[in-house]
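Enquirer: Make a model of this:
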Amino acid sequence: MIIAVDGPAASGKGTIARALAKHYGLPHLDTGLLYRAVATRVLRDGMDPTREADCVAACDFADSLLDDPWLRTDEAGQTASIVSAHPLVRSALLRRQRKFAQQPGGAVLDGRDIGTVIAPDADAKLFVKATPAIRARRRHTELAKAGSSVTYDRVLADIRARDERDSGRATAPLTMAADAAPLDTSFLSIEAAVERAIAIVEGQRGK
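Expert: Presented below is the predicted three-dimensional model:
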């Protein structure tokens with residue numbers, strides 16, 4: 001069984017995807033980490049994230065890089081949003097993601113284009129969303145706990161800018177698949193959101 005979980009930054013899709021993977025005993029891939037890995041290589045090698053050729057060259061990274069804690073930083077996330085807009089970068093990482101999705105038994109993948117591009121034939125598809133203000137509050141809290149002094153207003157501006165880049169790019173834009181079920185987590189607890197996600201998957205499996 002393949003489960004596709006899409007949605008914008010800080011919507012809760014990662015938390016939900018991990019919970020679904022645990023519930024169904026499936027491997028999980030946060031595809032955003034792939035783009036963060038590319039962004040990390042670009043920055044560490046002194047390359048330009050706005051240059052497609054530089055970013056494509058950074059796509060050949062070792063799996064061990066995915067365990068680097070720096071990938072979870074806000075700087076990595078902001079740069080990943082720029083890197084992911086390059087069509088050739090998305091093409092370079094496409095095979096890697098599809099190979100993970102198509103392993104025996106299936107998998108859970110979360111990202112921006114799982115249900116539309118990576119696994120369009122997924123058995124279950126969710127599109128997780130929340131208001132920009134609530135997503136910014138969640139991200140700001142995470143960053144504050146990590147010791148960051150970034151302001152809420154800056155985080156909100158970054159969230160909105162990332163949404164615009166992700167939704168407006170020509171290749172694999174952030175959009176809900178026609179057969180995906182929306183899940184708004186704005187006013188749901190983590191437990192309630194996960195419970196709702198499981199119910200959605202069960203409903204789609206039964207069709």
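
Enquirer: Strands along the protein, start to end?
Expert: For the chain, the strands defined by DSSP state E occupy 2-6, 28-30, 107-111, 124-129, 181-184.

Enquirer: Identify whichever of the ones you listed lies nearest to Pro69.
Expert: With C-beta to C-beta as the criterion, Pro69 lies closest to strand 28-30 of these, at 13.7 Å. For every residue, glycine as well, the C-beta is placed using N, CA and C.

Enquirer: circling back to that earlier point, just say which of the strands of the chain is most tucked in.
Expert: Ranked by mean neighbour count, the strands of the chain are led by strand 2-6 with a mean of 29 (mean count of other C-beta atoms under 10 Å).

Enquirer: Same list (the strands of the chain) but as a markdown table, adding distance to Ile200 and mean pLDDT.
Expert: Below are those laid out as a markdown table (distance: least, C-beta to C-beta, whole Å; pLDDT from 0 to 100):
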| stretch | distance to Ile200 | mean pLDDT |
| --- | --- | --- |
| strand 2-6 | 10 | 98 |
| strand 28-30 | 17 | 96 |
| strand 107-111 | 13 | 97 |
| strand 124-129 | 6 | 98 |
| strand 181-184 | 5 | 98 |
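
Enquirer: what residue lies at the spatial centre of the protein?
Expert: The residue lying closest to the centre of the chain (C-alpha atoms, centre = their mean) is Gly111, at 2.9 Å.

Enquirer: Quick one: residues contacting that one.
Expert: 5-6, 30-32, 97, 118 (C-beta atoms under 8 Å, 6 or more residues apart in numbering).

Enquirer: Please consider this matter closed, and thank you.
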